[in-house]
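> output the structure for:
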Amino acid sequence: MPLSKFTYPFPIDGSFQQIFQGARPAHWKDAAAQKGFELIGRAKDRLHVVLGCQSCGAPTLKRISVVLGHNPECPHCIQARRAAAARAIGAELIGADPKGNRHYGLFQFGCGHTDRRQYHRVEAAAAGGHQASCSECIEDRYAEEAQCHGWELVGPARRKGLNYRNYQHACGHRQDVAVVNMRHGDLDCAGCGETWASKPSEIYILAFTVPNLSVIKLGYSSNSTFRVRQVQRDPDQTRGSLLRKIDVETGHRAICVEKALHSHIRRNRPDLIVPPELFRDHIRTTSEVYHRHGKPYIEALLDAVENGWDPRVQSAAA
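Residues are numbered from 1 along each chain as shown. This is a model prediction of the structure:
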């Protein structure tokens with residue numbers, strides 16, 4: 001767009017600028033063209049030029065030193081890209097950051113809430129890198145997750161990082177807990193003494209597929225479903241699943257029975273044991289993994305435990 005088409009003074013990048021009368025050397029024009037712009041005039045002072053973006057056509061003001069020595073960007077294209085990213089995640093970019101941080105913008109989400117977000121995080125979410133939702137909805141979800149495990153969300157963590165929150169247990173005790181641990185109930189109350197040893201637990205059988213081999217893992221956990229995800233390095237490859245679990249009244253009894261079961265298997269069916277070098281690159285454990293064809297035998301052991309058999313007694317007698 002010729003500079004003569006602008007009013008005097010003319011609007012550019014959201015503010016009015018005075019035209020500066022001066023030469024436009026050929027090497028300035030060449031530098032601008034190489035970087036996706038047309039040099040269409042000079043404005044403000046002798047150090048600034050007006051560039052016309054070859055993508056969107058909008059004018060922008062840049063220092064000539066930036067044109068010659070760097071790679072200028074069009075703020076209008078940047079704004080359009082950010083707005084498109086917001087629409088891709090079901091939000092709307094409604095303005096600049098009210099706190100004045102140029103890396104943040106103000107967005108309205110599909111839930112109706114408005115929140116400030118880093119632009120690059122919104123663009124990453126639009127590209128499929130992660131999910132994005134407003135802070136208020138996130139905190140509501142954290143509160144619901146805590147209630148499922150007998151806790152109440154109080155607020156931000158007192159000393160730890162952004163991935164922690166402060167919660168209050170049903171007994172009245174408050175403590176900081178990682179959000180992911182609260183989500184899966186993988187925590188102990190330091191106030192009432194409900195630790196892994198005292199709270200209910202499970203003995204489980206998990207199934208995995210490692211290269212050219214199907215295996216099962218016998219173990220214990222207070223949350224077997226979470227353990228399936230936790231133990232896999234690449235779930236798409238190992239395709240873990242929970243085959244069976246039995247309830248045990250305390251974590252202490254669970255670990256004692258589980259260890260006795262492993263001793264029983266080593267003593268009576270060592271052929272079922274899978275060497276660690278066959279699975280350790282795929283499953284986060286160093287032992288207690290067995291060949292899949294041993295499932296009926298191990299399930300029979302769990303049946304016996306459910307019917308009152310205590311493998312610890314046999315281990316002590318052996």
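> helix/strand/coil for Val177?
At Val177 the chain is in strand, as set by DSSP: H, G, I helix; E, B strand; the rest coil.
> look at it and report its pLDDT.
Predicted confidence (pLDDT) for Val177: 91.
> in the stretch 201-318 of the chain, which ranges drop under the pLDDT threshold?
314-318 (pLDDT under 70).
> repeat that with 80
Along the stretch 201-318 of the chain, segments meeting pLDDT under 80 span 312-318.
> show me the strands in it, by range?
Secondary structure of the stretch 201-318 of the chain (DSSP state E, counting those that start in this stretch): strands at 201-210, 213-221, 241-248, 289-291.
> for the stretch 51-200 of the chain, same thing?
Using DSSP E, counting those that start in this stretch, strands in the stretch 51-200 of the chain cover 59-63, 92-96, 104-108, 114-118, 151-156, 164-169, 174-178.
> just the angle between the longest helix along the chain and strand 201-210, please?
When the chain is parsed with DSSP state H, its longest helix is helix 251-268. Here the directions of helix 251-268 and strand 201-210 differ by 50 degrees (axes from the mean of the first three to the mean of the last three Cα atoms, to 10 degrees).
> coming back round to it: so which of the strands of the stretch 201-318 of the chain comes closest to Cys53?
strand 201-210 (52.5 Å; Cβ to Cβ). All C-beta spots, glycine's among them, are computed from the backbone N, C-alpha and C.
> circling back to that earlier point, could I get the strands of the stretch 51-200 of the chain as a markdown table with distance to Asp186 and mean neighbour count?
Shown next, in a markdown table, are the strands of the stretch 51-200 of the chain (distance: least, Cβ to Cβ, whole Å; neighbours: other Cβ atoms under 10 Å):
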| stretch | distance to Asp186 | mean neighbour count |
| --- | --- | --- |
| strand 59-63 | 52 | 19 |
| strand 92-96 | 37 | 14 |
| strand 104-108 | 32 | 19 |
| strand 114-118 | 29 | 18 |
| strand 151-156 | 12 | 16 |
| strand 164-169 | 13 | 20 |
| strand 174-178 | 9 | 18 |
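> so which of those comes closest to Thr209?
Thr209 lies closest to strand 174-178 among the strands of the stretch 51-200 of the chain, at 29.8 Å (Cβ to Cβ).
> what packs against that closest one?
Applying 3 or more Cβ pairs under 8 Å, 6 or more residues apart in numbering; DSSP states H and E, we find strand 174-178 packed against strand 164-169.
> switch the cut-off to 10 Å
On a contact count with 3 or more Cβ pairs under 10 Å, 6 or more residues apart in numbering; DSSP states H and E, strand 174-178 meets strand 151-156, strand 164-169.
> contacts for it next, please.
146, 149, 151-161, 163-169, 183-184, 186-191 (Cβ atoms under 10 Å, 6 or more residues apart in numbering).
> go again using 6 Å as the cut-off
Strand 174-178 is contacted from outside by Ala157, Arg158, Lys160, Asn163, Tyr164, Asn166, Tyr167, Gln168, Leu187, Ala190, using Cβ atoms under 6 Å, 6 or more residues apart in numbering.
> what's near enough to touch the nearest residue to the first one once chain neighbours are set aside?
Sequence neighbours aside, Tyr164 is the residue nearest to Ala157 in space, at 3.7 Å (criterion: Cβ to Cβ, 6 or more residues apart in numbering). Taking Cβ under 6 Å, 6+ apart as the contact definition, Tyr164 lies against Ala157, Asp176, Ala178.
> distance to Glu123 for the residues you listed - can I get that in TSV?
Shown next, in TSV, are these (distance: Cβ to Cβ, whole Å):
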residue	distance to Glu123
Ala157	28
Asp176	31
Ala178	27
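> would you mark the buried spots in stretch 42-56?
Within stretch 42-56, the residues scored as buried using 16 or more other Cβ atoms under 10 Å are Arg42, Ala43, Lys44, His48, Val49, Val50, Leu51, Gly52, Cys53.
> which helices and strands does the longest helix of the chain pack with?
When contacts are defined as 3 or more Cβ pairs under 6 Å, 6 or more residues apart in numbering; DSSP states H and E, helix 251-268 sits against strand 201-210, strand 213-221, helix 311-317.
> counting by contacts, list what the longest one packs against.
Packed against strand 201-210, as judged by 3+ Cβ pairs under 6 Å, 6+ apart, are the following elements: strand 213-221, helix 224-231, strand 241-248, helix 251-268.
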